[in-house]
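J.: sequence and predicted structure, then a few things I'm wondering about:
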Amino acid sequence: MQVQEIVQRVGAKVLGVGRAMIEADPASDVREEIDLLRGQRDREEDRLATLRGQVALLLQQITDNQQAAVTLPAEVESSFRRGKTAQAMRQALELDRVRRELEEDAAEVKRLEHAVWCLEFRLRQLDRRLERLGEALAG
C-alpha cells in the first residue's frame, strides 16, 4: 500500500465523518428549531408583560389626572374669588399641565395597546408553529 492510498483513505473517512456531522438527522433539526422558538416565545412573553405593566401604569395615571382635571377648575375659581390671583394662576397652570398629560398619555396608551396586540399576534403565530413542529416530531 502506498502512502498516497493511505492519505486518500484517511481523507475519505474524515470527509465521511464531517458529512455525517453536517447532515444531522431531521429530528434533531426540528428539536433545535423548537428550542429556538421556545426561547423566542419566552422573550416575547417577557416583552408583553412589560408592555402590559406600562399600560396599567398609564391607565392609573390617566385616572388620577382625570380626577385632578375635574377638581382643579373649581379650585382655580375659588382662589380667584378669594383674591388669591397668584394661587389661581398656579392652579390654572397645573390644570393646563394635567390636560396636556392626559392627551399625551392617551396617545401613549393607544400606541402601547397596538404593540400589545402585535405581540399577542406574534405569540399566537409562534404557538401554531411550535404545535406544527411538535406534531412533525411526533409523527
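T.: Structure's in. What do you need?

J.: ok, and the closest non-adjacent residue to the residue nearest to the spatial centre of the chain?
T.: Nearest residue to the geometric centre of the chain (C-alpha atoms, centre = their mean): Arg47, 3.0 Å. Spatial nearest neighbour of Arg47, chain neighbours left out: Leu119 (6.1 Å); criterion: C-beta to C-beta, 6 or more residues apart in numbering. No exception for glycine: its C-beta is placed from N, CA and C like everyone else's.

J.: packing partners of the helix or strand encompassing the one you found?
T.: Taking DSSP states H and E as the criterion, Leu119 maps to helix 85-138. Packing partners of helix 85-138 (3 or more C-beta pairs under 8 Å, 6 or more residues apart in numbering; DSSP states H and E): helix 26-81.

J.: now the angle between helix 85-138 and the helix it packs on, please.
T.: For helix 26-81 against helix 85-138, the angle by axes from the mean of the first three to the mean of the last three C-alpha atoms, to 10 degrees is 170 degrees.

J.: for helix 26-81, packing partners?
T.: Using 3+ C-beta pairs under 8 Å, 6+ apart: helix 26-81 touches helix 85-138.

J.: now the helix it packs on: mean pLDDT?
T.: Mean per-residue pLDDT for helix 85-138: 96.

J.: count of neighbours near Gln67?
T.: 11 (other C-beta atoms under 10 Å).

J.: next one: the one 5 residues further on
T.: Other residues within reach of Leu72 by the criterion other C-beta under 10 Å amount to 19.

J.: now swap in the one 5 residues further on and tell me
T.: Neighbouring residues of Glu77 were enumerated by other C-beta under 10 Å; the total is 13.

J.: contacting residues for it?
T.: Counting by C-beta atoms under 8 Å, 6 or more residues apart in numbering, Glu77 makes contact with Ala88.

J.: any idea how far it is from Thr50?
T.: With distances taken as C-beta to C-beta, to the nearest Å, Glu77 is found 42 Å from Thr50.

J.: ok, now Arg97?
T.: For Arg97, the distance to Thr50 - C-beta to C-beta - is 27 Å.

J.: so the residue nearest to Arg47 is in contact with Asp46, correct?
T.: No. Counting by C-beta atoms under 8 Å, Asp46 is not a contact partner of Leu119; they are 10.1 Å apart.
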